[in-house]
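Chemist: predicted structure and sequence below. I'll ask about it afterward.
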Amino acid sequence: MVIAGAHISSAGGLHNVPARAAAIGADGVQVFIQSARTWKPTAHKPEDLAVVRAARERGQVQYIACHAIYFINLATDEPDLLQKSRAALLNTIDVANAIAADGIVLHVGSHKGRGLDVTLPQIVRELQSALQHLDGPWLLLENSAGAGGTIGRDPVELARIINAVDHPRLGLCIDTCHAYVSGVDVTDPAQLDALVIELDTRVGIERLRCLHVNDAAAACGSNRDRHANVVQGEMGKGLAVTLSHPALTDLPMLLETPGAEGNGPDAAELTALRALHKQGLTRRAVKARRAP
Ligand SMILES: [Zn+2]
Ligand SMILES: [Zn+2]
């Protein structure tokens, strides 16, 4: 069974997350383990963490991703920012370990125009040291929308980092909106096939562990990170091409869409996601049967 999940608010404490997920029909969740607007780590109560862990172990929640804060920049040349980034990543790893999370989603950061070649050794060093603290989850690098010097505008750039780090639980999370606005039209079967084959050749497609499923409110190649509700953006029903790709169709799908009210993914979004996934599979099956 496919896992259809969503980013869920952890306001008021992480222990609220399993019930909020159940209320909208999400099988899996993504959470921020601290406020996305501050460096200051949240002091979680051990009993709150235990509630989430128990929900994951019982299978009430079938997938948990912890999204690291966006301030983190492992490619920075400012020592103070690097120090804070390191601490924030380690804190995320600690909480992810404690709640039996499956993945930690991380944006590597921005090289601010210096380029990946120059910053790669530092990124590799930082990731290798952070990975020593992982106890169960995978660390997943997410592709970016491609603005400025952000690293991972092309998922293949992330494959380069993964190869250089060489750790069995370092993988990828692909965001459909980010891929699209950074210029990879994943609603086009040929472009998607090319991406899947390239990733498989470089790091093995099994390192791709989850999808962020978002439609795009901005044009392909615009580098503008604007998520739209499922089927309501530029990608529309074409998103079914990604969801039903044979190499991707079993991956956990996590929504980060605004929802009807702008409060994040809701029950209608999850229903739309499941319907789109099914439509994609049906279309592929019909096509396969018609093929000579
Ligand atoms: Zn995302
Ligand atoms: Zn985004």
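Modeler: Everything's here; your move. All of these numbers come straight from a predicted model, not from anything done at the bench. Ligands and ions are numbered 1, 2, ... in the order given.
Chemist: just give the closest residue to I24, not the sequence neighbours.
Modeler: With CB to CB, 6 or more residues apart in numbering as the criterion, I24 has its nearest non-adjacent residue at 4.5 Å, and that residue is A267. For the C-beta atoms, the positions are set from N, CA and C on the backbone; glycine is no exception.
Chemist: quick check on the one you found: phi, psi?
Modeler: Phi and psi for A267, reported as degrees, to the nearest 10, are phi -60, psi -40.
Chemist: same question for the one 3 residues further on.
Modeler: For L270, the backbone dihedrals are phi -70, psi -40 (criterion: degrees, to the nearest 10).
Chemist: how about the contacts made by it?
Modeler: Contacts here follow CB atoms under 8 Å, 6 or more residues apart in numbering; on that basis L270 touches A4, A6, I24, G25, A26, L255.
Chemist: what does the stretch 151-292 of the chain have sitting close to ligand 1?
Modeler: Within the stretch 151-292 of the chain, the positions near ligand 1 by CB under 5 Å from the ion are D175, H212, E256.
Chemist: how about the residue of the stretch 1-150 of the chain found nearest ligand 1, nearest residue that isn't a chain neighbour?
Modeler: Nearest residue of the stretch 1-150 of the chain to ligand 1 (CB to the ion) works out as E142 at 5.6 Å. Nearest non-adjacent residue to E142, counting by CB to CB, 6+ apart: C173, 4.5 Å away.
Chemist: who does the one helix or strand the one you found maps to pair up with?
Modeler: Per DSSP states H and E, C173 falls inside strand 170-175. Note on strand 170-175: by DSSP bridges, its sheet partners are strand 138-142 (parallel), strand 208-213 (parallel).
Chemist: just put these in JSON lines and tack on mean pLDDT and mean neighbour count.
Modeler: Output for these, formatted as JSON lines (pLDDT from 0 to 100; neighbours: other CB atoms under 10 Å):
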{"stretch": "strand 138-142", "mean pLDDT": "98", "mean neighbour count": "25"}
{"stretch": "strand 208-213", "mean pLDDT": "98", "mean neighbour count": "25"}
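Chemist: circling back: ok, of the residues of the stretch 151-292 of the chain next to ligand 1, which one's closest to P137?
Modeler: Taking CB to CB as the measure, H212 is the one of these closest to P137, at 16.4 Å.
Chemist: can you tell me how far that closest one sits from Q232?
Modeler: Counting by CB to CB, to the nearest Å, the separation of H212 from Q232 is 16 Å.
Chemist: what does Q128 give?
Modeler: Here Q128 is placed at a distance of 41 Å from Q232 (CB to CB).
Chemist: what do you get for A21?
Modeler: According to CB to CB, A21 and Q232 sit 22 Å apart.
Chemist: so if I had to pick from these two, which one is more boxed in?
Modeler: Counted by other CB atoms under 10 Å, A21 and Q232 do not tie: A21 has more neighbours, with 24 against 15.
Chemist: work out for me the element the more buried one sits within.
Modeler: With DSSP H and E as criterion, A21 is part of helix 17-24.
Chemist: and the helix or strand encompassing C66, how far out from the chain middle?
Modeler: Under the criterion DSSP H and E, the helix or strand holding C66 is strand 63-67. Centroid displacement of strand 63-67 relative to its chain, using CA atoms, centre = their mean, to the nearest Å, is 8 Å.
Chemist: what does H227 show for phi and psi?
Modeler: Note on H227: its backbone torsions stand at phi -80, psi 140 [degrees, to the nearest 10].
Chemist: hmm, back to that, Throw the residues of the stretch 151-292 of the chain next to ligand 1 into CSV and include distance to D135, thanks.
Modeler: Formatted as CSV, these follow (distance: CB to CB, whole Å):
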residue, distance to D135
D175, 26
H212, 24
E256, 26
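Chemist: which one of the strands paired with strand 170-175 lies nearest to N16?
Modeler: In terms of CB to CB, the element of the strands paired with strand 170-175 nearest to N16 is strand 208-213, at 21.8 Å.
Chemist: list of residues touching that closest one?
Modeler: Counting by CB under 8 Å, 6+ apart, 30, 63, 65, 102-103, 105, 138, 140, 142, 171-178, 199, 230, 239, 242-243, 247-248, 251-257, 273 sit against strand 208-213.
Chemist: quick one: the residue nearest to I24 and ligand 1, what's the gap?
Modeler: Going from A267 to ligand 1 by CB to the ion, to the nearest Å gives 20 Å.
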